[in-house]
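Undergrad: This is the structure alone, sequence omitted:
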């Protein structure tokens, strides 16, 4: 029996994309990059799905995002298929209306391509800083398509080679314009306003330094953010120490807590609990 095209995508091998728990540190910057495209930014800003709102449900929003990363890169065919179905139910409510300043639809393949591109680019950055840069190969790049095909992105949209990806990335970034509404929304993420006031007071400076550090220079410029000298020194020192520590850790430790999120979603599937 022949498998459908979607079933073939579910069986894409992603074993070359080792996911590191350090991806959490780069997470806020990656979200900003994703939302810098107006249709993605307004799709999140105006979303009526309150359960997925970072500022109303930060714990759940973080869990579902990190679970998606774990499922896409480390889950099997059935898990990808089930998680896609769960995400699709939420995405069905994310579409623009007559009052939206830009048109958007969460099922738009071009928008899913951009989000997948940001996730893949984040994977590369984390590998360079904390993992093994030798993992960044053409084969790993091709496997990176699962960041989009685990949802509804057609595989043919994924640029054929890493060089093609770079062209797509640079062209998209060059054309980006972030308006004041989305910029202020993103700055609230930089300032960690979604967190409990006590957490924000204690860890806000750390989150801001790491977020700005991971944010590529073109995005900082479009956001009108400047990295302070102390933030740059802290970011570089932090990464030097973390790189030594992480490279000496066994694989399960390097992958924590993403491997824990993967266990959680499998438990949810077994017990009939909501995946998203």
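TA: Yep, that arrived. Fair warning: this is a prediction, and the values are worked out from it, not measured in the lab.

Undergrad: State the mean pLDDT of stretch 22-29.
TA: Averaging pLDDT along stretch 22-29 gives 90.

Undergrad: contacting residues around that stretch?
TA: Residues from elsewhere that reach stretch 22-29 (CB atoms under 8 Å, 6 or more residues apart in numbering): 62, 65-66, 69, 122-123, 125-126, 129-131, 189-190, 192, 207, 210-215, 219, 242, 246, 254, 257-258. No exception for glycine: its C-beta is placed from N, CA and C like everyone else's.

Undergrad: Residue 101: neighbouring residues, count only.
TA: 13 (other CB atoms under 10 Å).

Undergrad: picking that back up, among the contacts of stretch 22-29, name the ones in helices.
TA: Residues of these located in helices (DSSP state H): 62, 65-66, 69, 122-123, 125-126, 129-130, 189-190, 207, 210-214, 219, 242, 246, 254, 258.

Undergrad: Show me which of those residues are buried.
TA: Neighbour-count burial (16 or more other CB atoms under 10 Å) applied to the ones in helices among the contacts of stretch 22-29 gives 65-66, 69, 122-123, 125-126, 129-130, 189-190, 207, 210-214, 219, 246, 254, 258.

Undergrad: Which residues lie in contact with residue 259 in this structure?
TA: 70, 74, 252.

Undergrad: Please list only the buried members of those.
TA: Neighbour counting by 16+ other CB under 10 Å classes 70, 74 among the contacts of residue 259 as buried.

Undergrad: Now do the same contact list for residue 57.
TA: By CB under 8 Å, 6+ apart, the neighbours of residue 57 are 50-51.

Undergrad: from here on, count from 455
TA: Sure, I'll start counting at 455 from here, so that last one is residue 511.

Undergrad: Quick one: end-to-end distance for stretch 631-651.
TA: 31 Å (CA to CA, to the nearest Å).

Undergrad: how many neighbours does residue 698 have?
TA: Considering only other CB under 10 Å, residue 698 is surrounded by 10 other residues.
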